[in-house]
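Visitor: Here's a sequence, model it:
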Amino acid sequence: MKTRAITGFFFIIVMLASVLLGQWVFGGFFLLLSLFCLNEFYSLIKQTGISPNLSTGILSGLVIYTVFALFSSDSYNLLYHKLIFLIVIAITAVFAQELFKKTPAPFTNIAYTFLGLILTVVPFTFFHALAYIQLGFNFHFPLAFLLMLWANDTGAYLSGMAFGKHKLFERHSPKKTWEGFIGGVAIAAGVGLIISHYFLELEWSQWVIMAVLIGTVGTMGDLVESMFKRSINVKDSGGILPGHGGLLDRFDGLFLAVPIVYSYLYLISK
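Guide: As a prediction, the model looks like this:
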């Protein structure tokens with residue numbers, strides 16, 4: 001428990017620093033984080049005997065994140081529009097590399113290579129884009145997202161421990177309960193309400209809606225990651241965070257929630 005608390009403390013400090021230290025640190029940190037998550041995903045898949053294209057997958061992740069990060073930071077720059085062709089080349093390379101490998105199921109390898117990109121790198125491109133949702137770098141949106149995500153996780157854990165009786169989705173996550181889910185969403189909404197008094201870019205109701213989306217879809221992301229781990233018979237996605245498992249374990253709620261939240265913010269801001 002002590003190890004878990006210490007790891008959690010430093011994890012939060014690093015995450016907050018990555019958001020608060022400016023756009024270059026923000027962009028670079030989450031680029032590296034997305035690639036580490038992708039590598040962790042591929043490492044897990046390899047345990048099943050499947051061989052995703054690690055090198056071209058990582059390269060494609062680097063290209064996808066970088067191009068969309070540049071595009072979201074300055075969508076009026078025509079040079080960044082032209083860089084999209086690099087994504088096409090990187091994706092084509094995934095297919096091309098498989099031609100030179102002697103494997104019994106090449107398209108299975110290709111499919112899992114792309115699945116890793118979709119589940120890990122693409123969500124982080126949306127998270128990066130949150131900072132530019134209203135033209136120019138603004139750390140309020142990614143910071144608020146993280147605070148509400150953590151509030152949901154903490155609220156769900158505490159509510160589940162105190163009141164949990166009815167299983168939410170026992171087949172994939174035996175410990176999760178409806179009481180924990182409701183408590184997590186409610187506490188995240190409360191944090192959203194508090195944020196609305198300090199971050200004035202949105203109305204209080206819009207911050208609360210954002211919190212509800214994070215709590216609801218983030219829980220689904222947690223369940224999907226649990227389903228994934230059960231399908232390959234592993235308990236934790238990795239051991240990089242002592243007491244907390246791997247990076248996929250820590251960001252499972254973000255992976256599905258952030259594209260939905262970005263879409264919501266984009267629609268109400270336009």
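
Visitor: Using PDB, write out every CA atom in the longest strand that the chain contains.
Guide: Longest strand in the chain, counting residues (DSSP state E): strand 173-177. Only the C-alpha atoms of strand 173-177 are listed here, as PDB (Å, rounded to 0.1, in the frame of the first residue of the first chain):
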ATOM      1  CA  SER A 173     -14.500  -6.700 -13.800                       C
ATOM      2  CA  PRO A 174     -15.800  -8.500 -10.600                       C
ATOM      3  CA  LYS A 175     -15.000  -5.700  -8.200                       C
ATOM      4  CA  LYS A 176     -16.800  -2.900 -10.000                       C
ATOM      5  CA  THR A 177     -20.300  -2.000  -8.800                       C
END
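
Visitor: chain center to it, what's the gap?
Guide: Averaged C-alpha coordinates place strand 173-177 at 21 Å from its chain's average position (C-alpha atoms, centre = their mean, to the nearest Å).

Visitor: Quick one: the strands in the stretch 151-270 of the chain, in order.
Guide: Counting by DSSP state E, counting those that start in this stretch, one finds strands in the stretch 151-270 of the chain at the ranges 167-169, 173-177.

Visitor: Tabulate these in JSON lines, adding columns for mean neighbour count.
Guide: Quick note: C-beta positions are derived from backbone N, CA and C, even for glycine. Formatted as JSON lines, the strands of the stretch 151-270 of the chain follow (neighbours: other C-beta atoms under 10 Å):
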{"stretch": "strand 167-169", "mean neighbour count": "17"}
{"stretch": "strand 173-177", "mean neighbour count": "17"}
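
Visitor: The ones you listed: which one's closest to Cys37?
Guide: Relative to Cys37, the nearest member of the strands of the stretch 151-270 of the chain by C-beta to C-beta is strand 173-177, separated by 20.0 Å.

Visitor: I figured Phe29 hits Gly22, correct?
Guide: No. When contacts are counted by C-beta atoms under 8 Å, Phe29 is not listed as touching Gly22 (10.6 Å).

Visitor: higher neighbour count, the two?
Guide: More neighbours surround Phe29 than the other of Phe29 and Gly22, with 17 against 11 (other C-beta atoms under 10 Å).

Visitor: about what we covered before: which secondary structure elements does the longest strand of the chain sit against?
Guide: Secondary structure elements in contact with strand 173-177, counted by 3 or more C-beta pairs under 8 Å, 6 or more residues apart in numbering; DSSP states H and E, are helix 140-163, strand 167-169, helix 204-231.
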